[in-house]
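*Asks:* coords please:
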Amino acid sequence: MNPKVSICIPAYKQPDSILRTLESIKRQDFLDFEVVVSDDTPDESVYRACERFRTCFPIQYLKNDKSLGSPGNWNKAVDAASGKYIKIMHHDDYFSDNASLGAFVALLDDHPGAGFAFSGSNNVDQNGQLRFVHSAKKKQVETLRRNQNVLFFGNFIGAPSATIYRKDLGVRFDENLKWVVDLDFYYSIVRLNSHFCYTEKPLVSVCIGGDDRVTSACENNKCVEIYEWFYFYKKLRNIDSSCFCYFNFFWNLLKKYKIYSSQEIFACGVNFQVPGYVEHILSCLGVFRRIADVKVVNPVLRVMCFWCWVFRERYLLK
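*Replies:* Below is the predicted model:
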């Protein structure tokens, strides 16, 4: 008989961290689960850590001959899962207390129409010391129910470890992405089923500030950020091009990397037409690049360029 929930752990090195994760799983009051570990580690350290729990709960260990990276490693664990619910747990994150897994399961059990649920999280350092508690604001959650595009502007859901979802939705992590892959996944799943559940209680502890290979490879990487944000944007539906939020987002992104032409965007791997207002932003930044970096001038210039775009779209092109 299949378990109610599969706890999927994409692993890469750091055996001490995964030991802490597995210890937190061992302490759970809810017992109808399996653990699936997909391991990108080149040595046997994670395997040996997993073997210590072989008699504690059902555990499936998958060794990748070739490193899949994220999110390929995430998808492999999910593909091998047999549970009704999928509980992603990164190898350096862990359940906050012994009732956490049961609370996650209850969110979906108590709301049969919901396909997805998420919780607050304790954000801790490498030593397990609490740095801050992350939780979505009530207004953010309410907005998400009406408009899934809000996820484009910020990850208030949190890390994948703070989520659970129904496997039969069939949503996978997009392997074309690394930097915004979690936002893209959340967007895809709530677009498919807009009924979701949330608790602000921090059911997981998420490790921050560690040796994260994805962060180190992607953070402040021009080509990665430019490509992934445009790729993600292309998936959005019901976009209001006269909304200042989108204009402001791309203004700041292009200004950050001093991009002044569509050719520079295409050089980052973007192989589709960019929105018209992005072309307008490029024109404005190209003309005013010398003053766009002035703190006092930049906000005024950004708003003026936005209203020029709106006027052009609403009146000049009609």
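*Asks:* how close does the residue positioned nearest the centre of the chain sit to Glu228?
*Replies:* By CA atoms, centre = their mean, the mean C-alpha position of the chain lies nearest to Asp182, the distance being 1.8 Å. In this structure, Asp182 lies at 11 Å from Glu228, with CB to CB, to the nearest Å as the measure. Yep, even glycine has a C-beta here, placed from its N, CA and C like the rest.
*Asks:* over to Tyr186?
*Replies:* 15 Å.
*Asks:* mind listing what the residue nearest to the centre of the chain touches?
*Replies:* Under the criterion of CB atoms under 8 Å, 6 or more residues apart in numbering, the neighbours of Asp182 are 155, 157, 159-160.
*Asks:* which one of those is nearest Thr55?
*Replies:* Closest to Thr55 out of the contacts of Asp182 is Pro160 (28.1 Å), distances taken as CB to CB.
*Asks:* would the residue nearest to the centre of the chain count as being in a helix?
*Replies:* Yes. Remark: Asp182 belongs to a helix, assigned using DSSP: H, G, I helix; E, B strand; the rest coil.
*Asks:* where does it land on pLDDT?
*Replies:* With respect to pLDDT, Asp182 has a value of 96.
*Asks:* check Glu225 too.
*Replies:* Here, the pLDDT recorded for Glu225 equals 96.
*Asks:* find the nearest non-adjacent residue to it, please.
*Replies:* With CB to CB, 6 or more residues apart in numbering as the measure, Trp179 is the residue that lies nearest to Glu225, at 6.3 Å, once sequence neighbours are left out.
*Asks:* residues near the one you found, how many?
*Replies:* When neighbours are defined as other CB atoms under 10 Å, Trp179 has 19 of them.
*Asks:* what sits against Phe288?
*Replies:* With CB under 8 Å, 6+ apart as the criterion, the residues that contact Phe288 are Leu301.
*Asks:* read off the pLDDT value for it.
*Replies:* The model reports Phe288 with a pLDDT of 87.
*Asks:* now do the one 4 residues further on
*Replies:* pLDDT, the model's per-residue confidence, is 78 for Ala292.
*Asks:* shouldn't it be in contact with Lys255?
*Replies:* Yes. Taking contacts as CB atoms under 8 Å, Ala292 lies within contact range of Lys255: 6.1 Å.
*Asks:* for Val141, which non-adjacent residue is spatially closest?
*Replies:* Spatial nearest neighbour of Val141, chain neighbours left out: Tyr198 (5.4 Å); criterion: CB to CB, 6+ apart.
*Asks:* does the one you found count as helix, strand or coil?
*Replies:* Applying three-state DSSP: Tyr198 is strand.
*Asks:* distance of it from Leu62?
*Replies:* For Tyr198, the distance to Leu62 (CB to CB) stands at 31 Å.
*Asks:* settle it for me: which of these two has more neighbours?
*Replies:* Between Tyr198 and Leu62, Tyr198 has the larger neighbour count (other CB under 10 Å), namely 21 against 15.
*Asks:* report pLDDT for that one.
*Replies:* 97.
*Asks:* can you pull the contacts of it?
*Replies:* The neighbours of Tyr198, taking CB under 8 Å, 6+ apart as the test, are 107, 117-119, 136, 141.
*Asks:* among these, which are located in helices?
*Replies:* 107, 141 (DSSP state H).
*Asks:* any idea which of the contacts of Tyr198 is the one closest to Leu68?
*Replies:* Taking CB to CB as the measure, Leu68 sits nearest to Phe118 out of the contacts of Tyr198, at 24.7 Å.
*Asks:* count the residues that sit near Val5.
*Replies:* One way to gauge burial is a neighbour count; for Val5, by other CB under 10 Å, it gives 24.
*Asks:* mind starting the numbering at 44 from now?
*Replies:* Got it, the first residue is 44 from now on, which makes the last one we talked about Val48.
*Asks:* ranges for the helices of the stretch 244-361 of the chain?
*Replies:* Listed in chain order, the helices found in the stretch 244-361 of the chain under DSSP state H, counting those that start in this stretch are 256-261, 265-278, 287-299, 305-309, 319-330, 332-335, 340-354.
*Asks:* quick one: those helices as JSON lines, columns for distance to Ser139 and mean neighbour count too.
*Replies:* Putting those into JSON lines (distance: least, CB to CB, whole Å; neighbours: other CB atoms under 10 Å) gives the following:
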{"stretch": "helix 256-261", "distance to Ser139": "23", "mean neighbour count": "14"}
{"stretch": "helix 265-278", "distance to Ser139": "30", "mean neighbour count": "18"}
{"stretch": "helix 287-299", "distance to Ser139": "33", "mean neighbour count": "18"}
{"stretch": "helix 305-309", "distance to Ser139": "42", "mean neighbour count": "15"}
{"stretch": "helix 319-330", "distance to Ser139": "42", "mean neighbour count": "18"}
{"stretch": "helix 332-335", "distance to Ser139": "44", "mean neighbour count": "13"}
{"stretch": "helix 340-354", "distance to Ser139": "40", "mean neighbour count": "15"}
